[in-house]
Structures are given as C-alpha cells and as structure tokens.
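> Test case, fold it:
(one chain, ligands or ions: 1)
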Amino acid sequence: MTAQEIRQAYLDFFKDKGHSIIPRALLVPEGDPSTLFTGSGMQPLLPYLLGQDHPAGSRLTNSQTCLRAQDIEEVGDNRHTTMFEMLGNWSLGDYFKQDQITWVWQFLTEVVGLDKNRIFISCYSGNQQLGIAKDEDSADIWTEILSKEGLSTKRVDIGSMDNGAKIGEQGGRIFFYGDKNWWSRAGKPNDMPVGEPGGPDSELFYLYPQVKHDTKFGEHCHVNCDCGRYIELGNCVFMEYQKGNEGFTKLPKRNVDYGGGLERIAAAAIDNPDVYAISLMRPIISTLEKLSKRDYASNTTAMRVITDHLRAATFLGVDGIVPSNKEQGYVMRRLVRRAIRFAFDLGIEQNFIEEATNTVADLYHKDFPEVAKRRDQVIALLMKEEKVFRQTLRKGIKQLDKMAARGHLSGEDIFILYDTFGFPVELSVEEAFTRSLPLDPKWREVFEQKMKQQRERSHTAAKGTFKGGLGGNSAIHRKYHTATHLLYRALRDELGDQVVQHGSNITEERLRFDFSYPSKLTPEQIKSLEDSVNTQIKRDLIVSWAEYPTEKALNEMGAMGAFGDRYGDRVKVYAMTPEGSDVPYSLEVCGGPHVSHTSELAEGGKRFKIIKEESSSAGIRRIKAALI
Ligand code: SER
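The predicted structure is shown next:
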C-alpha cells in the first residue's frame, strides 16, 4: 500500500467502527498558547478529552499534520521529520483498552499487512508513589491477541531506558517501562502542570532485523533504543488521569488517544526503515536528483533535510504562516533557509523552490483541498523568501570580506556567518580556501560549542513556551477568548465585512488578533473599537452556545468564522446576547471556552485596551489588546 492508500484505509477502517472523520486542525493552534505548533493529534481536542461533549460524537478519527520544531537538527537520519501526519482515533469516554488494542492490531496486520512477527509491544510498569498500577489489563489483552496468532507473549520488566540498554530484549514480546509509557503533552507525570491530562500508554514497535544495533546508543538494543532497529509505529494512550494539586485524579471520562505515524507505517509497509522512501517523500527526492544531477544514495542527508523542510514549510504556508523573525514565522524561515542552504551544497542554483515545492503540492493537493487552493500563493511566498535569502547570502559575503581583512577566520566567525547570515559551514570553508585565508586550528571545536549553546537556548525557549501556561482553561484565558469575539464583532461594525479573522493567539497577558484590512487604523478608529468592546462588557451580555449544522451556522445564521478554517458537519456556535433579548450581538463559530457573562471581563476594575496595531503581512493587520 502507498502512504496515501494507508491514510485512506485508516480513516475508512475507523469510520466503519463508528468514528466521525473530523478535519485536521491548522499547524498553528488556535487560541492555545501552550505550544507554537500542533504537535499531536489530541492537542486540538483537549477540551473534549477534559470532558466537554464533541459535536461529532464520542468516536473521532483523522489524520493530523503535526510539527515538532524541536527536531529540526535531528532531521537527516532515516526516521526523523519535523512535519508528519499522525493517524489518530479517539474515544471520548466510549470504548477503552479492549477495542483499541484489538483494532490497532487488526489495522496494522490485516489492513496494512505488516509482518506480525515483527511487531513488539510496550506497556506501563506503574508508579507506586502516584498510586497508579502496572497496566496488566493492556498486557493481558495483548497476550490474548498474540497467543491466538501463535506468537510469543513473554513479558519483560525493563523500567528505565538505562536498564533497557543494560539488560536488552531478553527474548521478550511485551515490555514494561516506567515514564516512557506515560503520555501527556508535558511528558512525565512530574513535569505535568496542574490541570493537564495524561495516562499510561501502550506502544507498538516494528523490528527491522536488517538494521544492526549501534552500541553508541547503549550496550544492548531494546524496543525504545534510539539506534533505529526498532521503530515506534503508534501509541495508544489511555487518558484517564488529570494532574491535581496533590497527585492525580480521574478525569470525568476514560478516553483513548491513539496516534500512529503515517510515514513510519508506510515505510514499514514497504519494509524500508527509511521514511524518505515512501510515496509521499520519494518523488520530492527524485525532483532533487533531477535538479542537482546527483543521486540520493550519495547525497542522503542533504536530500532528506530539504525534503522534510519543504514539506513543513509548504504546510505552514498553506496554514497561513509567513516567514518572519518571530515565533512560527521564524521557524518557517529557518526551514526554508536551511533547505536552500542544503540545496546550495547540492549545487542546485536554478528553479529550486519552484520545482521542489510544486512536487510537494502535487503529493498532497488531492487529499488536502486547502493545498490545492493555496499552492500558487505558497509557492510565490517561498520563492520570495528564497530571493531575500540569496540577498542575505550576498551580505554574508561582504561580512566575510571584513573578517578576511583580519588575516584569518575563526570558529566564532564561521558561527556568526552561519547563524546570522545563514552561511553553510562548507561555504565559509570554501571561501576561506579560495582566498587563501587560514582557518584557526580549533575552528571546528569552537563552532560546535557555539552551536551547542545555541541549541540549548532554543530548547529552553521551546520549553518556556510550554511552561508559559497551559492557559487553555484558566480564567484569564477564557476572558481573552471572550474579548476576542467582542473585538471581532466591533471590527466588523467599524470597518465593514472585509474584515475576516486570519488568526488569533492568547497568552496570560494579552490577546492577539489578525484580520484582513488594507490600511493602518487611525487613532480614532482604535478608540472607537475600545469603546465598543468596553460598552459590551458593561452591558453584561450572556454567553451561550449551541451546535448547528455548519451550513446553517455560516450561511443562514451568519455566524462569523476564521479564514482558512475547515469545519466538520456540525459546529459549536457561541452567542453573546443582551439579557432579555433574543438577538445576539455576536455570533461566532468557536470551540470555546468562554466566560458566562461579559461583565466578568471587567473584574478588578479592568478595561479593554488596544496596546498595539501593526501590519502582520500584506493586507493583514494585527491587534494586540489586554484587559488592564
Ligand atoms: N497523543 C499521543 C502521541 O502523540 C497519541 O496520539 O503520541
């Protein structure tokens, strides 16, 4: 099966089992300040995992594009990618371990046809301190399935990664690990902030016997070893706990959150440990081979990096991100520039972005209509970035000339050229060589050390984003969410229907709202927007919601939505209505959460204030506002 066929078969399989297929969420989470990107399929479903009813029911499935920017530097081996599709199915208080485990096994072995002998399992070993038991239930279900297949059911207690490397596989089939088999967005139980849901999980691994264990990763191999002999295919999270002030409590419902990597499953289906060999990747590599007149076998790393980065950058573009120096835009810029740098290494000078990105779009446009719709725009955007970057490279040459005047090139110089001007290391070395400029003997060590410091800085920043608060459900978050609706309504009233939401983001400190409008707002307009929002806060509108068929909500009722958002068949619509009236002031498609009365926004004598109004990109304005 091709990757495209596996995706479709997965959705069909779970639809058949009573699941509603829900659209993927954007790569940039809406109203969720906890992460820069959607990093797992469950992230957009958080309110429902916490207990809210989902309009599409208690069984859901989709293929969610995910982006894990922390992995940028790891890209280049045969399995890491920044962007991937996560095949997900969820039970919101519906089925639990028995069905989940049976179905995932059926799907992988009967539908995809993977070799049963090569699938290995891990389960949670429990945590006495937290009072959470060893997951014998899952292990028993696996035992039943495996023994029916005539396969070994031997259990091995591994515990930690270190112990795994020490004792190895021991001929086991079901392995118990500690924190490795606990899943939450924040990781281990101890790292979870209060309110965060999580739970024990059971993972599936595929063995590639053709890969030899590398002792660089530990003395012995085990299913969680990073050497690449075992590849994780999927993870069944049994999400039934929530972190409380002291220990864990049970969530109102027992949920299942399954996620499987489409690219990795597709690689297993062709028995190739290289995810870049699959039908959603290989054509991009082929375009690079054509453009560079070099082959994949001898230019593996560069071609993988370019392929990964352009896929991610294309989807970021489709989802409305523009290269910039901040947040998501910065990551997008880094991805495009790294791709161009590696293309430079391959000697590709002409038509790079245009041709390669076209190949990416060709692979996705049938299954993702938004790719078909925005491909030309995105390609133009990336080509513009390519042009800007080539100018930067030229500036880098000037900088290098200045450095050269000192008579030598140091590791720090090379780092500055790399970090600030996007200069490939090889390019700096080459330039030094052609100018007969000596390199400091220790240049490489110094460069590596600077790189390490830089990575640590960016990891700290990424962690900080998470710690910055799972604001998702805090009181202030709800207030800003409600304020955002009031602002959107006020913008429409003040500036007309050409105002369409292009994005929104909320932190504990402020709301941010992007919308289409051709010119800078005047101080009078800003004042009048503030007045309008403050008036509605004072009027104490009642906030309520109900579900409607999407068609009716958007077209008949005129509920406002955001540009580029794709909705399922039914949507949740929030209304803000004056007491005693049945004509809402604001009507907007939204998942919530909100306050119940707008006067809550004025608690503590606070007022709504626009702190900043600026351009976000061509034709898009950005407002930052706070309750102060
Ligand atoms: N949320 C889990 C993961 O990301 C399973 O979907 O692995």
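
> Residue of the stretch 151-300 of the chain closest to the ligand, please.
Of all residues in the stretch 151-300 of the chain, the one sitting closest to the ligand is Gly259 (2.3 Å; Cβ to the nearest ligand atom). All C-beta spots, glycine's among them, are computed from the backbone N, C-alpha and C.

> can you confirm that residue is in a helix?
No - Gly259: not assigned to a helix; according to DSSP: H, G, I helix; E, B strand; the rest coil it is strand.

> Please name the nearest non-neighbouring residue to it.
Excluding its sequence neighbours, the residue lying closest to Gly259 (Cβ to Cβ, 6 or more residues apart in numbering) is Met86, at 4.5 Å.

> you'd agree that neighbour is in a strand?
Yes - assessed with three-state DSSP, Met86 lies in a strand.

> what sits against it?
Ser40, Gly41, Ser63, Gln64, Thr65, Cys66, Gly259, Gly260, Gly261, Leu262 (Cβ atoms under 8 Å, 6 or more residues apart in numbering).

> can you check Val256 too?
By Cβ under 8 Å, 6+ apart, the neighbours of Val256 are Asn89, Trp90, Ser91, Asp94, Tyr95, Phe96, Lys97, Gln100, Cys236, Val237, Phe238, Met239.

> go again using 6 Å as the cut-off
Ser91, Gln100 (Cβ atoms under 6 Å, 6 or more residues apart in numbering).

> Which secondary structure element is home to it?
For Val256, the host element (DSSP states H and E) is strand 248-261.

> Tell me the confidence at the residue of the stretch 151-300 of the chain closest to the ligand?
Note on Gly259: pLDDT of 98.

> same deal with the one 10 residues further on?
Among the per-residue scores, Ala269 shows a pLDDT of 98.

> show me what contacts it?
Counting by Cβ under 6 Å, 6+ apart, Ala269 has contacts Met1, Val112.

> distance of it from Leu233?
According to Cβ to Cβ, to the nearest Å, Ala269 stands 10 Å off from Leu233.

> ditto for Ser615
Using Cβ to Cβ, Ser615 is found at 45 Å from Leu233.

> The two: which has the busier surroundings?
Per other Cβ atoms under 10 Å, whichever of Ser615 and Leu233 has more neighbours is Leu233, with 22 against 12.

> In this structure the more buried one contacts Tyr206, no?
Yes - if you go by Cβ atoms under 6 Å, Leu233 and Tyr206 touch, sitting 5.3 Å apart.

> Neighbours of Gln129, how many?
Gln129, neighbours per other Cβ under 10 Å, totals 9.

> just Arg435 next, same as before
Look at Arg435: counted by other Cβ under 10 Å, it has 12 neighbours.

> how much space between it and Gly407?
Distance of Arg435 to Gly407, given as Cβ to Cβ: 11 Å.

> Going along the chain, name the helices of the stretch 301-450 of the chain.
Per DSSP state H, counting those that start in this stretch, the stretch 301-450 of the chain carries helices over the ranges 327-345, 352-364, 369-404, 411-421, 425-434, 443-467.

> These into CSV, with extra columns for distance to the ligand?
Listed next are the helices of the stretch 301-450 of the chain as CSV, based on distance: least, Cβ to the nearest ligand atom, whole Å:
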stretch, distance to the ligand
helix 327-345, 19
helix 352-364, 21
helix 369-404, 23
helix 411-421, 31
helix 425-434, 34
helix 443-467, 14
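
> Now do the same for the spatially closest residue to Leu108 that is not a sequence neighbour: its pLDDT.
Ranked by Cβ to Cβ, 6+ apart and with sequence neighbours excluded, the top spatial neighbour of Leu108 is Leu114, at 4.9 Å. Looking at Leu114, its pLDDT stands at 98.

> how deep is Leu114 tucked in, by neighbour count?
Neighbours around Leu114, by other Cβ under 10 Å: 20.

> C-terminal to the helix or strand bottoming out on mean pLDDT in the chain, what's the next element?
Lowest by mean pLDDT, DSSP states H and E among the helices and strands of the chain is helix 443-467, with a mean of 70. Counting by DSSP H and E, the next helix or strand C-terminal to helix 443-467 is helix 475-495.

> just how off-centre is that following helix within its chain?
Distance, stretch centre to chain centre, for helix 475-495: 26 Å (Cα atoms, centre = their mean, to the nearest Å).
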